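Q: coords please:
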Amino acid sequence: MSANIVRRACVAIVLALAATLAQAQQALEVYAVNYPLAYFAGRIGGDAVKVTFPVSRGVDPAFWTPDAETIANFQSADLILLNGAGYARWVARASLPRRKLVDTSKAFRDRYIRIEDALTHAHGPSGAHAHAGMAFVTWLDPTQAIAQARAIARAFARARPAKAQQFEEGLKRLVADLEALDRDLAEAFKSFSGRPLVASHPIYQYLARRYALDLKSVTWEPDRPPRAEDWRALAVLLDGHRARVMLWEGMPLRETEIRLSALGLRSVVFDPCANRPAEGDFMRVMRDNVAALRAIVVQ
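A: Numbering: from 1, shown residues only. I've put the predicted structure just below:
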């Protein structure tokens with residue numbers, strides 16, 4: 001073998017090693033379809049990842065549809081974090097590189113909850129839609145949120161093996177917080193044990209299963225006054241399901257709250273935090289949810 005060939009081979013090896021080192025040092029470009037996944041990714045990855053969650057505040061990410069430019073940004077990312085369970089329906093219609101997709105709820109796919117008899121309704125800029133198919137607010141069961149966080153950490157470690165220890169440490173801290181949240185929620189829901197509850201929206205299925213809640217849902221919006229037929233349907237529901245507490249994803253209108261109080265229903269906000277909060281972060285919102293539950297005295 002000539003000296004020139006050896007020299008060229010050495011140069012090629014050095015360049016390949018340099019490229020590999022440069023990639024290892026470059027932050028992972030990560031796109032997420034909802035805020036909880038973006039929050040988990042940031043906690044796990046720290047400065048080794050650049051996380052983008054492109055949905056505007058006030059928009060439900062589950063029913064949001066990105067424009068062509070945003071889809072192109074998803075396509076160019078290193079990893080795309082999916083919630084699974086049919087969340088973010090635009091994903092099924094978009095051409096996204098399969099090798100970049102991370103289905104964070106794959107580990108508990110066999111435990112998805114199917115929604116029966118879903119009604120079509122509208123709220124916010126997302127337009128009319130129905131909560132049909134699978135229940136998809138998976139992270140409200142903290143044990144499932146932990147499984148989703150672990151799926152993210154594994155995907156990060158595969159993409160950047162040199163940073164695996166950093167990802168493991170970030171995951172450990174996040175898991176500790178989610179386990180504490182699970183304990184706090186279990187304690188807060190003890191006073192509701194065996195007592196019927198009503199939810200303003202069919203989004204709390206995994207929360208109800210985790211903490212054995214006797215929960216039935218209507219389809220009301222916190223920022224809209226219920227229609228006459230909505231009140232009639234609630235009266236029928238309460239006739240056989242004598243709830244004294246109603247969970248809301250956001251603070252209901254004052255007049256709605258007053259009328260519910262006259263029916264013996266106290267309103268409490270349990271924010272699923274699907275989108276970025278105006279203040280604080282995911283764990284702050286969950287701690288506020290716990291505090292709101294603890295403040296309710298069930299009659």
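Q: what about R209, which SS state?
A: Of the three states, R209 takes helix according to DSSP: H, G, I helix; E, B strand; the rest coil.
Q: quick one: contacts for it?
A: Contacts here follow CB atoms under 8 Å, 6 or more residues apart in numbering; on that basis R209 touches I113, D141. No exception for glycine: its C-beta is placed from N, CA and C like everyone else's.
Q: what does the pLDDT read for it?
A: At R209, the model reports a pLDDT of 98.
Q: one more: G133?
A: 84.
Q: got the phi/psi numbers for W90?
A: Dihedral pair for W90: phi -60, psi -30, per degrees, to the nearest 10.
Q: what is the burial count for it?
A: Residues lying near W90 (other CB atoms under 10 Å) number 17.
Q: hmm, who's touching stretch 165-172?
A: With CB under 8 Å, 6+ apart, stretch 165-172 has contacts from R43, I44, G45, G46, A48, A149, R150, I152, A153, F156, A157, R160.
Q: let's see it at 6 Å
A: Contact with stretch 165-172 is made by R43, I44, G46, A48, A153, F156, A157, as judged by CB atoms under 6 Å, 6 or more residues apart in numbering.
Q: can you tell me which of those residues is nearest G58?
A: R43 (23.8 Å; CB to CB).
Q: just the buried subset of the contacts of stretch 165-172, written out for ChimeraX, thanks.
A: The buried residues among these can be selected in ChimeraX (16 or more other CB atoms under 10 Å) with this line:
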select :43,44,48,153,156,157
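Q: how close does the residue positioned nearest the centre of the chain get to A162?
A: Centrality entry for the chain: nearest residue to the mean C-alpha point is P36, 4.3 Å, by CA atoms, centre = their mean. Distance of P36 to A162, computed by CB to CB, to the nearest Å: 27 Å.
Q: would you turn the contacts of stretch 165-172 into TSV with distance to A85, secondary structure and pLDDT?
A: Output for the contacts of stretch 165-172, formatted as TSV (distance: CB to CB, whole Å; DSSP: H, G, I helix; E, B strand; the rest coil; pLDDT from 0 to 100):
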residue	distance to A85	secondary structure	pLDDT
R43	22	helix	98
I44	21	helix	98
G46	28	helix	98
A48	28	helix	98
A153	20	helix	98
F156	22	helix	98
A157	24	helix	98
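Q: the residue nearest to the centre of the chain: which element?
A: helix 35-45 (DSSP states H and E).
Q: any idea how far that helix is from the chain center?
A: How far helix 35-45 lies from its chain's middle: 10 Å, per CA atoms, centre = their mean, to the nearest Å.
Q: other SSEs contacting it?
A: strand 49-52, helix 142-159, helix 164-188 (3 or more CB pairs under 6 Å, 6 or more residues apart in numbering; DSSP states H and E).
Q: give me the buried positions along the first one.
A: Applying a neighbour-count criterion of 16+ other CB under 10 Å, the buried positions in strand 49-52 are V49, K50, V51.
Q: do the same with the second one
A: Judged by neighbour count using 16+ other CB under 10 Å, the buried positions of helix 142-159 are 142, 144-157, 159.
Q: about what we covered before: isn't the residue nearest to the centre of the chain right next to W139, touching?
A: Yes: with contact defined as CB atoms under 6 Å, P36 counts as touching W139 (4.6 Å).
Q: now the helix or strand containing R284 against helix 35-45, angle please.
A: Using DSSP H and E, R284 sits within helix 282-295. Using axes from the mean of the first three to the mean of the last three CA atoms, to 10 degrees, the inter-axis angle of helix 282-295 relative to helix 35-45 is 120 degrees.
Q: using PDB, write out every CA atom in helix 282-295.
A: Taking C-alpha atoms only, helix 282-295 is exported to PDB below (Å, rounded to 0.1, in the frame of the first residue of the first chain):
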ATOM      1  CA  PHE A 282     -45.800  21.600  34.300                       C
ATOM      2  CA  MET A 283     -44.900  20.700  37.800                       C
ATOM      3  CA  ARG A 284     -46.100  24.000  39.200                       C
ATOM      4  CA  VAL A 285     -49.500  23.500  37.500                       C
ATOM      5  CA  MET A 286     -49.800  19.900  38.900                       C
ATOM      6  CA  ARG A 287     -48.900  21.200  42.400                       C
ATOM      7  CA  ASP A 288     -51.700  23.800  42.000                       C
ATOM      8  CA  ASN A 289     -54.100  21.100  41.000                       C
ATOM      9  CA  VAL A 290     -53.200  19.100  44.200                       C
ATOM     10  CA  ALA A 291     -53.700  22.300  46.300                       C
ATOM     11  CA  ALA A 292     -57.100  22.900  44.700                       C
ATOM     12  CA  LEU A 293     -58.200  19.300  45.500                       C
ATOM     13  CA  ARG A 294     -57.000  19.600  49.100                       C
ATOM     14  CA  ALA A 295     -59.000  22.900  49.500                       C
END
